[in-house]
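Student: from the sequence below, what's the structure:
(one chain, ligands or ions: 2)
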Amino acid sequence: MKQYQLQPNAFPSNYLNDLWGEIQACPYFTINNLNRDFVGTKGFSVVFVRSHLPQVVQQFPYFKPYLDLALQANCNAFYLNPLLLKEGSRVDPHIDRSLRSYCKTIEPPAVVSVLYVRVPPDMEGGELVLRSHKRQLGQIKPQVNTLLHFQGDLTHSVNAVKTPGNRLSLVCEQYSLSEAELAEIPEFTVESRVAQYATKKRK
Ligand SMILES: O=C(O)CCC(=O)C(=O)O
Ligand SMILES: [Fe+2]
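Tutor: Ligands and ions are numbered 1, 2, ... in the order given. Down below sits the predicted model:
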């Protein structure tokens, strides 16, 4: 793959509205459990291996069209997260490697896919900046219904959003793991602040 690739008009337009409604209504959707690079964001994460894709689709049917189109054949483990940024939110430079919490030896994902589900009209800020080492490769201004794929080892950041409204992206880190690494990854689990509280209470 080139370092990044944009696919405009990826889905029928009503799908973006469905996704927006379903994600907002999802009880897991709350203040982020991602790390401190994610400033003022909301979301939740679905971790799964390829063999459990049917279970993911059963619990989250509205992700199916996205997964059908975005998942790469050579990848076997996935970290899917809807990410909401509002005015003032930003994401500091990072390399995605969310599965490291399960297995320390994991390399960055092969590919990261991002669908822009909702973007404030005339948004100022909110661009995704892609870098390889210190060199800037591209600055992507999110457009609703554009599906972006980028090489998973690129450093990237999201400029602070300066416009009121909602910038919702659906991000999938796609990994190509060895059998030994794969064995460390949960087959299917949801990570959310909501779920964490629920788990703690039960103890
Ligand atoms: O929404 C975007 O443009 C990218 C977000 C991001 O970097 C991430 O979720 O890891
Ligand atoms: Fe990222």
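Student: flag every buried residue along the top helix by length along the chain.
Tutor: When the chain is parsed with DSSP state H, its longest helix is helix 13-25. Neighbour-count burial for helix 13-25 flags Y15, L16, L19, W20, I23 (criterion: 16 or more other Cβ atoms under 10 Å). Using the backbone N, CA and C atoms, a C-beta is placed for each residue, glycine as well.
Student: what lies in contact with that helix?
Tutor: Residues outside helix 13-25 that contact it (Cβ atoms under 8 Å, 6 or more residues apart in numbering) are F29, Y62, P65, Y66, P82, L115, V117, R118, V144, N145, L168, L170.
Student: the very next helix or strand once past that helix packs against which elements?
Tutor: Counting by DSSP states H and E, the element after helix 13-25 in chain order, helix or strand, is strand 30-31. The helices and strands touching strand 30-31, judged by 3 or more Cβ pairs under 8 Å, 6 or more residues apart in numbering; DSSP states H and E, are strand 38-43, helix 193-202.
Student: apply 7 Å and report the result again.
Tutor: Packed against strand 30-31 by the contact rule (3 or more Cβ pairs under 7 Å, 6 or more residues apart in numbering; DSSP states H and E) you find helix 193-202.
Student: middle-most residue in the protein, spatially?
Tutor: Centre of the chain computed as the mean C-alpha position; nearest residue by Cα atoms, centre = their mean is V171, 1.9 Å away.
Student: thanks again, I'm all set now.
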